[in-house]
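S.K.: below is the sequence, then the predicted model.
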Amino acid sequence: MGRMIVELQRNRAKSAIVVDDHETAIGMAFLEDALEEIVGPIQDEFDDEEPAVNQPSPEIAELRGDLPLPEAVELLGIDETGTDDTIGGHVVAVLGRLPEQGDNLQMGSDRVTVVEVATRRILKLRFERDKEPGAASDGE
């Protein structure tokens, strides 16, 4: 990756086409993405300033998928461990497949819904705390 960054800087380019051994174009690489892999997210004038966490009520929290897993665990008070860097990556690992908008799963006492996805990653998740066992229910 370092070699690619140096080459892009030397050519004053922001992107490059990636080719395989047969000189077939197989994708694109961007300087900003390479730098973000090393230093983390880079905020620029084109990025939205959406907060990482939105908590409309005590029982509901909406998290960006790129929120670091340890931060999400602490914020939500959930007992989740993993080698994933982000909460979105952790949910993908728990699902065992690429996520789709509307996917649901249970994590502890939270029902998790995939609210928004990009090509292969989760952009936004919604955590809804289930009612505590023994809490008053309808008609009881």
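M.R.: Alright, I've got the coordinates. Numbers count the residues shown, from 1 in each chain.

S.K.: surely residue 5 is within a helix?
M.R.: Yes: when classified by DSSP: H, G, I helix; E, B strand; the rest coil, residue 5 is found to be part of a helix.

S.K.: tell me the contacts of the residue nearest to the spatial centre of the chain?
M.R.: The residue at the geometric middle of the chain, judged as the C-alpha nearest the mean C-alpha position with C-alpha atoms, centre = their mean, is residue 65 (2.5 Å). With contact set as C-beta atoms under 8 Å, 6 or more residues apart in numbering, residue 65 has these partners: 86-89, 91, 121-125. Yep, even glycine has a C-beta here, placed from its N, CA and C like the rest.

S.K.: and for residue 37?
M.R.: For residue 37, counting by C-beta under 8 Å, 6+ apart, the contacting residues are residue 1.

S.K.: what do you get if the cut-off is 10 Å, keeping everything else the same?
M.R.: 1, 5 (C-beta atoms under 10 Å, 6 or more residues apart in numbering).

S.K.: could you do residue 18 as well?
M.R.: Residue 18 sits next to 4, 24-29 when contact means C-beta under 10 Å, 6+ apart.

S.K.: in strands, which of the residues you listed fall?
M.R.: 25-29 (DSSP state E).

S.K.: can you put the residues you listed in JSON lines and add pLDDT and neighbour count?
M.R.: Putting the ones in strands among the contacts of residue 18 into JSON lines (pLDDT from 0 to 100; neighbours: other C-beta atoms under 10 Å) gives the following:
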{"residue": "25", "pLDDT": "93", "neighbour count": "9"}
{"residue": "26", "pLDDT": "93", "neighbour count": "9"}
{"residue": "27", "pLDDT": "91", "neighbour count": "9"}
{"residue": "28", "pLDDT": "91", "neighbour count": "10"}
{"residue": "29", "pLDDT": "89", "neighbour count": "14"}
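
S.K.: all set, thanks.
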